[in-house]
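Chemist: Curious how this folds, go ahead:
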Amino acid sequence: MYYFGDPEIWLPFVFAALMGASILIYVVLDGFDLGVGVLFPFAEADEKDRMIASIGPFWDANETWLVLAIGLMLVAFPAAHGEILTALYLPVTIMLIGLILRGVAFEFRAKAPAPHKRAWNNAFFAGSLMTSLSQGFMLGMYVMGLEWTWLNTGFAVLTAVFLTVGYSFIGATWVIHKTDEHLQRKAVDWAKGGIWGLVLGIGAISLATPFVSARIFDKWFSWPEALYLAPLPILSGLLVVWLWSMLRRMPFAEDRYSWLPFAAATALWVLAFAGMAYSFYPYVVPEQLTIYEAASAPESLFIILIGTCVVLPTIMGYTILAYTVFRGKATELRYD
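Modeler: I've put the predicted structure just below:
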């Protein structure tokens, strides 16, 4: 436990990094399948089947990363877990209802009689929308310090809308990669519209975050920190321009580079997450609790770390296996 130095310093940092990585992976992976659900009203009946087939092998495993992130917070930072979930009890409840609804709808829409299929499609869309909006609302409240004021609530509602559009954008890029012909062309149009919602969402959070506290403002606008951090907004801007330029020319002949929009969208999420992580470190509850104050005892963290070293590679292994086995275009959805 003392091999890497003071365990009261390195263990909380390691668990904060693991929790952050789990949240980021969840946002990217479950973000695209939530986005596919949000796009359901814009698709025809046969297109919905193809869209479901594109996420069928992955969506359940994607949600494992959310369970891992919340589990790590509970065991490693119990004080923060209590503070955050107490402040966000209502949106967390809505998110869980949404996750249950879309999970049930996913299974029943393919097995219900034809007259009932539309109702389950609507339930899948409603569950996806509830989950996306609640996650965006929680993000907005977290950025604003978890205080329920009219201003903070209004910002959280705005963030909820922008995150949902951002999910629809990365969902559209996934559909571009996993489908072809008419549905792929339609997904390109969806992505063209969604990219601006994502840009507005990232921009709103990026502009609001430095003004939440003087500490965050100084971290971004002091010299020479501002110079070191300049690559984050510059790279993000270049990615957006490149994505827009590429989407305007897609689909390419012989379906070349259909994976590039999804890869670029993922890079955009990573850059945005890196900026947020830098802003709030070392706080796990904004301006209230640091990761070192909220952490469990070093002895407990070390035992948990041993278990994490077994569980985390297992989750990563079956995630990689699923995406490897089911690579390529989504085929016809069949349950017989």
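Chemist: What does residue 116 show for phi and psi?
Modeler: Phi and psi for residue 116, reported as degrees, to the nearest 10, are phi -90, psi -10.
Chemist: List the contacts of residue 274.
Modeler: By CB atoms under 8 Å, 6 or more residues apart in numbering, residue 274 lies in contact with residue 232. All C-beta spots, glycine's among them, are computed from the backbone N, C-alpha and C.
Chemist: Please renumber the chain so that the first residue is 24 from this point on.
Modeler: With the count now opening at 24, the last piece we talked about shows up as residue 297.
Chemist: Check which helix or strand it maps to.
Modeler: If you go by DSSP states H and E, residue 297 is part of helix 283-303.
Chemist: Same question for that helix: list its buried residues.
Modeler: For helix 283-303, the neighbour count (16 or more other CB atoms under 10 Å) marks 283-285, 287-292, 294-296, 298-299, 302-303 as buried.
Chemist: Same question for stretch 74-89.
Modeler: 74-78, 81-82, 84-89.
Chemist: And for stretch 48-63?
Modeler: 48-63.
Chemist: What is the neighbour count of the closest residue to residue 234 other than its chain neighbours?
Modeler: Take residue 234 and drop its neighbours on the chain: the residue closest to it by CB to CB, 6 or more residues apart in numbering is residue 240, 6.6 Å away. Residue 240 sits with 14 neighbouring residues when counted by other CB atoms under 10 Å.
Chemist: What is the neighbour count of residue 174?
Modeler: So residue 174, with other CB under 10 Å, has 9 neighbours.
Chemist: which residues sit in contact with it?
Modeler: residue 167.
Chemist: mind listing what the following helix or strand past the helix holding residue 297 pairs with, with the direction of each?
Modeler: The C-terminal neighbour of helix 283-303 among helices and strands, as given by DSSP H and E, is strand 306-308. With DSSP bridges as the test, strand 306-308 is paired with strand 312-313 (antiparallel).
Chemist: returning to what we had before: tell me the predicted confidence for the residue nearest to residue 234.
Modeler: Here the pLDDT value assigned to residue 240 is 80.
Chemist: in the stretch 74-223 of the chain, which spans are helices?
Modeler: For the stretch 74-223 of the chain, the helices defined by DSSP state H, counting those that start in this stretch occupy 82-85, 87-99, 101-110, 112-131, 137-166, 173-201, 204-231.
Chemist: Let's have those in JSON lines, adding distance to residue 37 and mean pLDDT.
Modeler: Shown next, in JSON lines, are the helices of the stretch 74-223 of the chain (distance: least, CB to CB, whole Å; pLDDT from 0 to 100):
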{"stretch": "helix 82-85", "distance to residue 37": "24", "mean pLDDT": "83"}
{"stretch": "helix 87-99", "distance to residue 37": "9", "mean pLDDT": "90"}
{"stretch": "helix 101-110", "distance to residue 37": "16", "mean pLDDT": "89"}
{"stretch": "helix 112-131", "distance to residue 37": "26", "mean pLDDT": "90"}
{"stretch": "helix 137-166", "distance to residue 37": "22", "mean pLDDT": "90"}
{"stretch": "helix 173-201", "distance to residue 37": "28", "mean pLDDT": "90"}
{"stretch": "helix 204-231", "distance to residue 37": "26", "mean pLDDT": "82"}
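Chemist: those helices in the stretch 224-359 of the chain, which residues are they?
Modeler: Counting by DSSP H, counting those that start in this stretch, the helices of the stretch 224-359 of the chain are 237-244, 248-252, 254-272, 283-303, 314-317, 321-348.
Chemist: closest one to residue 211 among those?
Modeler: For the helices of the stretch 224-359 of the chain, distance to residue 211 was read as CB to CB. The smallest value, 5.8 Å, belongs to helix 254-272.
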